[in-house]
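*Asks:* Sequence isn't available, so here's the structure alone:
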């Protein structure tokens, strides 16, 4: 089992070295000289002496530090394979053959590493045994000129020979020293493993490999294969060829996944804890176009996107400009043709669909955006906050994006790639400042979202009262339905509850109304209402049917029906059954008499109730059933008793 101190660590001490450079400049031979391992695993690679796919090795540096190595192909036809490995590199070993110097693929690999923001590296001047000292000096001078505007401008250049072993020990020592400067990867939060290789082992099943780019993976973890959404379990783990109980960010990992078939998994898929990541068909991003890009970038250009270990086709929508010139930069939305997985801050590379030339790349600003209109000031302002905002602003924006649905710190931490405790601290600060409103437990909503939702609901009620002044209020269900596009039922309940507590609205009987609203009738409507009420109250427990009242008093059909419906909505007239309606006063009287009678006698028959209120069976039976329904009484056999909750709440 791992030591407790390592379990409590927040950063990983592991790191990955990656090669880069032109085809046939000796990358694989150099890795063999450094590690003793052969990274060309395919027969075709060994026969042709040229790397086609990614190769992997590991070795121990002089200090005892363990390093993983990714050997990438140099040929331009296999650049997508190079890109699949480049995203997990902490330190690059740029390989340039002394007898040829800088070549086209050297430059393209440099561009890609710049885009991916690789920050540290060493130049290995291979095949130095084939040239003399004077030539080596000339090549080094040429290399310095090429590297002057790149992250490798101050990188050491080490002449080496994989044949004689010259310079190999010096290179190992230098790599060991530079490893101290490599930023430590966080192991706080959910792990993420972009898959770069998948195969089967007899007796074990499907195995995937990749560079663990965040978190800690453990044997037994329930995980999800994305974007397919297949749930599985980590059956076993290997780090650098050795079985282990857990693996930390920055390590090369082989993960045995239970219950998955080989054909269900492919390079570009991602393994993560269940629910920690979500697939997406769009990405908002900052795109920096290389100066070497062969032409301007137009809106709706079809491109190849390289993200993690995935290659995805997409349409590139430029949000803030008509075009982006070589050397320029812009905000874009990448509309993907197949789903992928991303997190905010991930680096990506873009190439033209055809011919496959590198355009540039940048940073994912929003991994799951909605579709945007171009040149929308509100959209661009929002993206500016996402791109360059302070941690507080980023947390507030992420909460705001959840709408009126309460959200806790855990999903925000996953979205932003922040430690959970850090998000909790931002929540506390934003609640204190009034930007967020704390609800149950740790959940919050953004104050602006809540205020806007309350304003919308109040506006809907105000409009309803203006259109229907004689009705007490709007159906609660209709009000909820009107706002279902902007808030779910939980969000609606939150908004309405807040308005009720503030005394701004009143809810009752399935209706909602503004607290300031009182039903208003025109003089004609008032006359009809008084006529209807008087007819119902004349003999309250034997009231005539509506049509009888209207006919007897000669009330106009449509106006009378509107007033009658309003009296029902307002609770003045109570629907007892499908055809029996009583005035509210009659119902209240019945409730008082029943409670008094049962309080004294305990039980009451239907005949006793009928005689008590002075009515006929036609009215008595539906009225007694109504009192059962509103839980004034409870029927037991042929008698009624007062309704009382038992210990089970029944």
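*Replies:* Received the coordinates, thanks. Bear in mind the structure is a predicted one, so any value in this text is a computation, not a measurement.

*Asks:* in terms of contact, does residue 293 touch residue 360 like I think?
*Replies:* Yes - taking C-beta atoms under 8 Å as the definition, residue 293 is a contact partner of residue 360 at 6.2 Å. From N, CA and C alone the C-beta is placed, and that goes for glycine too.

*Asks:* Between these two, which has more neighbouring residues?
*Replies:* residue 360 (25 against 21; other C-beta atoms under 10 Å).

*Asks:* what ranges do the strands span in the stretch 501-650 of the chain?
*Replies:* For the stretch 501-650 of the chain, the strands defined by DSSP state E, counting those that start in this stretch cover 505-508, 511-514, 573-575, 581-583, 604-605, 633-636, 639-642.

*Asks:* Adjacent strands (with direction) for the fifth one?
*Replies:* Based on DSSP bridges, the pairing partners of strand 604-605 within the sheet are strand 639-642 (antiparallel).

*Asks:* Can you point out the buried residues in the partner strand?
*Replies:* Under the neighbour-count criterion of 16 or more other C-beta atoms under 10 Å, strand 639-642 has 639-640, 642 buried.

*Asks:* try stretch 394-405
*Replies:* 394-404.

*Asks:* Same check on stretch 561-579?
*Replies:* For stretch 561-579, by 16+ other C-beta under 10 Å, it's 562-564, 566-567, 569-570, 572-574, 576.

*Asks:* Test for you: state the pLDDT assigned to the residue nearest to residue 160 when sequence neighbours are not counted.
*Replies:* With C-beta to C-beta, 6 or more residues apart in numbering as the criterion, residue 160 has its nearest non-adjacent residue at 3.5 Å, and that residue is residue 167. Looking at residue 167, its pLDDT is 91.

*Asks:* separation between residue 167 and residue 348?
*Replies:* Relative to residue 348, residue 167 is positioned 35 Å away (C-beta to C-beta, to the nearest Å).

*Asks:* neighbour count winner among these two?
*Replies:* residue 348 (25 against 21).

*Asks:* State the three-state secondary structure for the more buried one.
*Replies:* Secondary structure of residue 348, reduced to three states by DSSP: H, G, I helix; E, B strand; the rest coil: strand.

*Asks:* got it, and residue 371?
*Replies:* coil.

*Asks:* Could you count how many residues lie near it?
*Replies:* 9.

*Asks:* for the buried residues of strand 639-642, which one is nearest residue 617?
*Replies:* Lowest distance from residue 617 to these (C-beta to C-beta) belongs to residue 640, with 15.0 Å.

*Asks:* follow-up on the earlier one: dump the strands of the stretch 501-650 of the chain to a markdown table, plus distance to residue 67 and mean pLDDT.
*Replies:* Output for these, formatted as a markdown table (distance: least, C-beta to C-beta, whole Å; pLDDT from 0 to 100):
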| stretch | distance to residue 67 | mean pLDDT |
| --- | --- | --- |
| strand 505-508 | 65 | 90 |
| strand 511-514 | 65 | 91 |
| strand 573-575 | 79 | 90 |
| strand 581-583 | 85 | 93 |
| strand 604-605 | 88 | 93 |
| strand 633-636 | 77 | 92 |
| strand 639-642 | 81 | 92 |
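
*Asks:* hey, which of the ones you listed is tucked in deepest?
*Replies:* Scoring the strands of the stretch 501-650 of the chain by mean neighbour count under mean count of other C-beta atoms under 10 Å gives strand 581-583 as the most buried, with a mean of 23.

*Asks:* name the helices or strands packed onto that strand?
*Replies:* helix 523-538, strand 573-575 (3 or more C-beta pairs under 8 Å, 6 or more residues apart in numbering; DSSP states H and E).

*Asks:* change it to 6 Å
*Replies:* strand 573-575 (3 or more C-beta pairs under 6 Å, 6 or more residues apart in numbering; DSSP states H and E).

*Asks:* List the strands paired with the strand it packs on, with their directions.
*Replies:* Neighbouring strands of strand 573-575 in its sheet, by DSSP bridges, are strand 581-583 (antiparallel).

*Asks:* which residues sit against the partner strand?
*Replies:* 536-537, 540, 543, 573-576 (C-beta atoms under 6 Å, 6 or more residues apart in numbering).

*Asks:* just these now: which is nearest residue 478?
*Replies:* residue 575 (18.0 Å).

*Asks:* From residue 216, how far off is the closest one?
*Replies:* Distance of residue 575 to residue 216, computed by C-beta to C-beta: 62 Å.

*Asks:* Walking through the stretch 301-450 of the chain, point out its strands one by one.
*Replies:* 301-307, 310-318, 323-324, 329-341, 347-352, 358-366, 436-438, 444-446.

*Asks:* Give me the phi and psi for residue 326.
*Replies:* For residue 326, the backbone dihedrals are phi -50, psi 130 (criterion: degrees, to the nearest 10).

*Asks:* what do you get for residue 454?
*Replies:* Phi and psi for residue 454, reported as degrees, to the nearest 10, are phi -60, psi -40.

*Asks:* And the pLDDT for it?
*Replies:* pLDDT, read off for residue 454, is 91.

*Asks:* residues contacting it?
*Replies:* Residues in contact with residue 454 (C-beta under 6 Å, 6+ apart) are 495, 499.

*Asks:* Other residues contacting stretch 493-503?
*Replies:* So stretch 493-503 is contacted by 453-454, 457, 505, 507, 515 (C-beta under 6 Å, 6+ apart).

*Asks:* Name the residues of it that are buried.
*Replies:* Those would be 494-496, 498-499, for stretch 493-503 by 16+ other C-beta under 10 Å.

*Asks:* Which ones among these lie within helices?
*Replies:* 494-496, 498-499 (DSSP state H).

*Asks:* Among these, pick out the one closest to residue 632, please.
*Replies:* Nearest to residue 632, judged by C-beta to C-beta, of these is residue 496 at 27.2 Å.

*Asks:* The closest one and residue 469: what is the separation?
*Replies:* Distance from residue 496 to residue 469, by C-beta to C-beta: 22 Å.

*Asks:* tell me, how many neighbours does residue 68 end up with?
*Replies:* Residue 68 - counted by other C-beta under 10 Å - has 24 other residues nearby.

*Asks:* where does residue 309 sit relative to residue 193, distance-wise?
*Replies:* Taking C-beta to C-beta as the criterion, residue 309 is separated from residue 193 by 10 Å.

*Asks:* no no, residue 211
*Replies:* Computed as C-beta to C-beta, the residue 211 to residue 193 distance reads 8 Å.

*Asks:* swap in residue 240?
*Replies:* Taken as C-beta to C-beta, the span from residue 240 to residue 193 is 15 Å.

*Asks:* What of residue 332?
*Replies:* For residue 332 relative to residue 193 (C-beta to C-beta), the value is 27 Å.

*Asks:* Please apply the same query to residue 526.
*Replies:* In terms of C-beta to C-beta, residue 526 sits 74 Å off from residue 193.

*Asks:* These two: which is more packed in?
*Replies:* More crowded of residue 526 and residue 193, by other C-beta under 10 Å: residue 193, with 27 against 13.

*Asks:* Enumerate every residue touching the more buried one.
*Replies:* 210, 212, 271 are the contacts of residue 193 under C-beta under 6 Å, 6+ apart.

*Asks:* Which of these fall in strands?
*Replies:* By the criterion of DSSP state E, membership of the contacts of residue 193 in strands covers 210, 271.

*Asks:* How is the closest residue to residue 404 other than its chain neighbours assigned, secondary-structure-wise?
*Replies:* Leaving out its chain neighbours, the residue that sits closest to residue 404 by C-beta to C-beta, 6+ apart is residue 491, at 3.6 Å. Of the three states, residue 491 takes helix under three-state DSSP.

*Asks:* what about residue 242, neighbour count?
*Replies:* Close neighbours of residue 242, defined as other C-beta under 10 Å, add up to 10.

*Asks:* Residue ranges of each domain in this protein, please.
*Replies:* Domain segmentation of the chain under automatic domain parsing yields 4-179, 193-273, 279-380, 390-518, 523-642.

*Asks:* That concludes my questions; thank you for your assistance.
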